[in-house]
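**Student:** need the 3D shape of this:
(one chain, ligands or ions: 1)
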Amino acid sequence: MDHRFQVSLRGVIDLLSHHLYSSPGVYLRELLQNATDAIRARQHLEPGHTGTVRLELVEKQDGGPPTLVFSDDGVGLTEEEIHRFLATIGESSKREALEARRKDFIGQFGIGLLSCFMVCDELLLVTRSARGDGRTLEWRGRHDGTYGVAESAHPLERPGTQVFLVARPDMAEWFNAERVRTLARHYGSLLPFPIRLTVNGEQERLDSDGAPWRREYASASERRQALLEYGREVFDTDFIDCIPLRSQAGDVDGVAFVLPISPNFNSRQKHRVYLKHMLLSESAENLLPEWAFFVKCVVNANALRPTASRESFYEDDALAQAREALGQGLRKYLMDLAREDPRSLQRLIGLHGLSVKALALDDDDFYRLVIGWLPFETSLGVTTLTEYRRAHPVVRYTATLDGFRQVARVAGAQGLCIINAAYTHDAALLEKLSRVMPDAQVEPFSSADLPQSFEELSMDERDAVFPLLRTAEQVLAPFHCGVTVKKFFPAEVPTLFSSDEDGSFRRDVERARDESDDLYASVLEGVMEAANAEPAQLCFNLHNPVVRRLAAVTDRKMMKLSVEMLYVQALLLGQHPLSAQEMTLLNQGLLGLISAQLGAGGGTGGENDGGASSGGLH
Ligand SMILES: Nc1ncnc2c1ncn2[C@@H]1O[C@H](COP(=O)(O)OP(=O)(O)OP(=O)(O)O)[C@@H](O)[C@H]1O
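**Tutor:** Numbers count the residues shown, from 1 in each chain. Predicted structure coming up:
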């Protein structure tokens, strides 16, 4: 024999209040939504019906719980509808109409009314249907899951619905006049019909003039001012500009505000979204494309689906299409700025460069328009790509910060303009350049490319440095480092250590081998043997006075020691981590130099004592 599931209403209410709704205040949102849907349903029957929502708050003088009467002049309910829709959890009169009329109704799940049980134990709903027999019916629903229906002793004069809520003593704060006023404004400020609030007999209107972005303004600048003022009210921020938004998909319209400060990298903004003019969420995140983190927006959507919690939009095709269309609106704004107001675009890039770069990576047309305006850090200072290409036919860049540090100073002194493309998106943007603009030449650059720009020595100079070159080659052979002598700037730099990718790889493997156990070290040994034998190079700078003097030194030991120290110094200047062998070289070299400087005795032991005389301190 089959049995029916039993549903515990208390359990369901507990579930909703703790896991679905963000606060008990949403009861007012759900009542407003039902009233709005009922008015829309009546407008289908009676086109031209305007509709009004009334809230009457009675605060008891004797300390008893306050009562809220929530009335609408919507379509009302027949007796059959009461049993079917009010008393069955999960049943909604709007579901059947939903696909055909997604634009009309906000509700769809058939659970909204239950949220009232978060703030009161019993609900009295008095209703007269616009489609019915003129009778006024009372439905009394209780939080224990029981309900009753009866004909009312106080018939309503016109179709509509009144919901009576008596505050549960511990929930009286949610019936406080100021709170009710704030909540009604908060959720219903864009509704296209008036909301009237009566508190202890005194009436006030809470309605607004509708969505500010749809109002008529005398001029474009007045419109802009009014919208920026609205943005300030909503987000408490002085935005720098506003952008109209519209999408046919989801029937969305609204306004995006450009943030006056750079947001955290990739932080998605929280937007205020209305669904059919009722506030859905103040923290919707999934409305705009990911790159659009330079704006916050307020929009109304008529044909997107809410999630059951009503706090964001349901992720479906319509939302994806709307997101794409809204992104196009933002893209158009940036494209227009690039064409018509490059100064403003430059200011915007200064603040929101990351958004602009991310969009440029995504979109070739936009890329073509803005790439020339984007600033890049180079070895000759910050420059835009347009200025760069005017002065240098080939765009050269380093993709890492270490790579840039290794070349920036010397490259700058040679007049070479190298871009530091280690910033987010920069390398990808530069790599895209020759794809989008086939005449552009773009090349990665490393310290190994630098010596090509250095001046060659004359024949005489070559003869003069021959002993130095020979000694250095011998000293550095164990380090797999070749040697050249050239002339370059700045003259204060005595040597430049350069290596291509193979060289950096080899150094990394070498250091890993030093730190590994025997088995792994022998594997790494094999890797190193397979690698290019001499990918690194130490280039001596004959413009440097120390190097000139060193070339003339006849003391071979002193020359060897100096080469070792210059090698280690070049590594340190280039921010290359030292291997164990190089650390030893540094330590021995320092001691050797000190010892040589002392001129006598105190030798370091071994061959690096530079022939210093014996004896201690004099
Ligand atoms: N003010 C009203 N006027 C007319 N019918 C109403 C009113 N309030 C509720 N109803 C009826 O009660 C049903 C259930 O309401 P409830 O708020 O629980 O769910 P819903 O609005 O259909 O969906 P959701 O859970 O998404 O809000 C509605 O579908 C509607 O038929």
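**Student:** flag every residue of this structure that's near the ligand.
**Tutor:** Near the ligand, the residues belonging to the chain are 30, 33-35, 38, 72, 74-77, 85-86, 92-94, 107-113, 161 when assessed by CB under 6 Å from any ligand atom. Every residue, glycine included, has its C-beta placed from N, CA and C.
**Student:** so which of the residues you listed are in strands?
**Tutor:** Using DSSP state E, the subset of these located in strands is Asp72, Thr161.
**Student:** where does the protein have low pLDDT?
**Tutor:** Within the chain, the ranges that satisfy pLDDT under 70 run 95-104, 108-109, 207-208, 265-266, 501-506, 508-534, 600-618.
**Student:** walk me through the domains of it.
**Tutor:** 9-205, 212-345, 374-450, 458-499+534-615 (automatic domain parsing).
**Student:** can you put those in TSV and add distance to Met1 and mean neighbour count?
**Tutor:** Listed next are the domains of the chain as TSV, based on distance: least, CB to CB, whole Å; neighbours: other CB atoms under 10 Å:
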stretch	distance to Met1	mean neighbour count
domain 9-205	23	17
domain 212-345	33	18
domain 374-450	66	18
domain 458-499+534-615	78	17
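**Student:** which one of these lies closest to Asp362?
**Tutor:** With CB to CB as the criterion, Asp362 lies closest to domain 212-345 of the domains of the chain, at 6.6 Å.
**Student:** okay, how far is it across the closest one, tip to tip?
**Tutor:** Terminal residues of domain 212-345 are spaced 26 Å apart (CA to CA, to the nearest Å).
**Student:** now what about the lengthiest helix in the chain, what contacts it?
**Tutor:** Longest helix of the chain, by residue count under DSSP state H: helix 317-340. The contact list for helix 317-340 (CB atoms under 8 Å, 6 or more residues apart in numbering) reads 243-250, 252, 256, 286-289, 291-292, 295, 297, 299, 301, 303-305, 313, 344-345, 348, 356, 359, 363, 365-366, 369-370, 373.
**Student:** which of the residues of the chain next to the ligand fall in helices?
**Tutor:** Short answer: the residues of the chain next to the ligand in helices (DSSP H) are Glu30, Gln33, Asn34, Ala35, Ala38, Lys94.
**Student:** isn't the fifth one right up against Phe70?
**Tutor:** No - the pair Ala38 and Phe70 does not pass the contact test of CB atoms under 8 Å, sitting 11.3 Å apart.
**Student:** which helix or strand contains His3?
**Tutor:** According to DSSP states H and E, His3 maps onto no helix or strand at all.
**Student:** that one: how many residues sit nearby?
**Tutor:** 5 (other CB atoms under 10 Å).
**Student:** and it, how far from Arg389?
**Tutor:** 79 Å (CB to CB, to the nearest Å).
**Student:** do Asp238 as well
**Tutor:** In terms of CB to CB, Asp238 sits 37 Å off from Arg389.
**Student:** same check on Glu340?
**Tutor:** Glu340 sits 23 Å away from Arg389, going by CB to CB.
**Student:** can you check Cys120 too?
**Tutor:** For Cys120, the distance to Arg389 (CB to CB) stands at 71 Å.
**Student:** likewise for Ser595?
**Tutor:** Between Ser595 and Arg389 the distance is 54 Å, computed by CB to CB.
**Student:** now swap in Arg246 and tell me
**Tutor:** For Arg246, the distance to Arg389 - CB to CB - is 37 Å.
**Student:** before we move on, what about Met459?
**Tutor:** 39 Å.
**Student:** what do you get for Phe540?
**Tutor:** Phe540 is 34 Å from Arg389, by CB to CB.
**Student:** what ranges does the stretch 301-450 of the chain have for its strands?
**Tutor:** 375-378, 381-384, 394-398, 418-420, 441-444 (DSSP state E, counting those that start in this stretch).
**Student:** save the ones you listed as JSON lines, and put in distance to Gly134 too.
**Tutor:** Formatted as JSON lines, these follow (distance: least, CB to CB, whole Å):
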{"stretch": "strand 375-378", "distance to Gly134": "74"}
{"stretch": "strand 381-384", "distance to Gly134": "75"}
{"stretch": "strand 394-398", "distance to Gly134": "80"}
{"stretch": "strand 418-420", "distance to Gly134": "80"}
{"stretch": "strand 441-444", "distance to Gly134": "80"}
